[in-house]
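K.L.:
3D model of this:
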Amino acid sequence: MTAPQGQTGARALVIGAAGNTGRHIVSRLTELGIPVRAATRQGKPTGHPLADAVRFDWAEATGHDAALEGVDRMYLIAPATDADPAALMLPFVERARAHGVRRAVLLSAAVVAEGTPGLGVVHQALRERMPEWAVLQPSWFMQNFVNPGHHLGAAILKDGRMVTATGKGRVGFVDARDIAEVAVRALTDARAHDTAHVITGPRALGYDDIADILTRVTGRPVRHHAVSTDEAQRFMEASGIPASYARFLAQLEDAIRKGVEDRVTDTVSRVTGREPRAFEAFARAHAESLTA
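P.N.:
Okay, the predicted model is just below:
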């Protein structure tokens, strides 16, 4: 890959600027001298002098023109807990093109193939309609295990257990910071990537492996309970996830059990020039929050 561009005079829109990947992207872009419009549902300032905050809601199209004003590139994440985000995202992509946005980087997922319902349709639209594009297809985030707002992280913190339908399936868990670094390169490299990046950590691990590592690192027992897809859905619903989205997530866990996520890629090192973080190093960095 080529060296990243610095100041261009244009502005990058980062949707989900307070999220796992978005906040790191905002920090890195401002470090590179690129003005950023940081879009969140609250519209709160980020604290970065080159980042202006804007309130953004996928369902409120009346505010989308203001978010896109003066923007030439954008980072897209789907509406939260929406199993079929294409209905909201495709009109926004068309609006962005009308505003002169040339480059779009979409956060999708490794299990979502181009053209499949939901984000797969958005993936296809970017490839067909945007002059410059990239789709990030990461495996599952390491942050899910330490985030008290995620049903797995909440359960670990509450009673030291994970309930999933993943069985013995393995996943190339990846640190959101590594995803963000790939996104920054996709947004700033002089030559557009114009491709999909499957992004993983350095090693595929099962949820039993994750429980063992968390137990060893924190000194607090963590267990993995393998259950059926229906039981996993009910567990997610009990944690507050809407039924349709819980069903979607439970089906993804069933896909993990069948082995679809059992792989690692060299994307992080190839695109960014540095190695991805291993889960044990990630867990050690977050050990205090896991025992609070």
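
K.L.:
going forward, measure contacts and count neighbours with C-alpha atoms only.
P.N.:
Fine.

K.L.:
Break down the protein into its strands, ranges please.
P.N.:
Listed in chain order, the strands found in the chain under DSSP state E are 11-15, 36-40, 51-55, 71-76, 103-107, 132-138, 161-164, 170-171, 195-199, 205-206, 223-226.

K.L.:
For Asp266, find the nearest of these.
P.N.:
strand 195-199 (7.7 Å; C-alpha to C-alpha).

K.L.:
among the strands of the chain, which gets the worst mean confidence?
P.N.:
Lowest mean pLDDT within those: strand 51-55, at a mean of 92.

K.L.:
for the lowest-mean-pLDDT helix or strand in the chain, packing partners?
P.N.:
Scoring the helices and strands of the chain by mean pLDDT, DSSP states H and E places helix 287-290 at the bottom, with a mean of 80. Here helix 287-290 touches helix 207-218, going by 3 or more C-alpha pairs under 8 Å, 6 or more residues apart in numbering; DSSP states H and E.

K.L.:
and if we set it to 10 Å?
P.N.:
Under the contact definition 3 or more C-alpha pairs under 10 Å, 6 or more residues apart in numbering; DSSP states H and E, helix 287-290 sits against helix 151-159, helix 207-218, helix 279-285.

K.L.:
Adding mean neighbour count, write the ones you listed out as TSV.
P.N.:
Putting the helices and strands packed on helix 287-290 into TSV (neighbours: other C-alpha atoms under 10 Å) gives the following:
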stretch	mean neighbour count
helix 151-159	19
helix 207-218	19
helix 279-285	16
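
K.L.:
okay if I get those helices as JSON lines plus distance to Gly120?
P.N.:
Formatted as JSON lines, the helices and strands packed on helix 287-290 follow (distance: least, C-alpha to C-alpha, whole Å):
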{"stretch": "helix 151-159", "distance to Gly120": "25"}
{"stretch": "helix 207-218", "distance to Gly120": "26"}
{"stretch": "helix 279-285", "distance to Gly120": "28"}
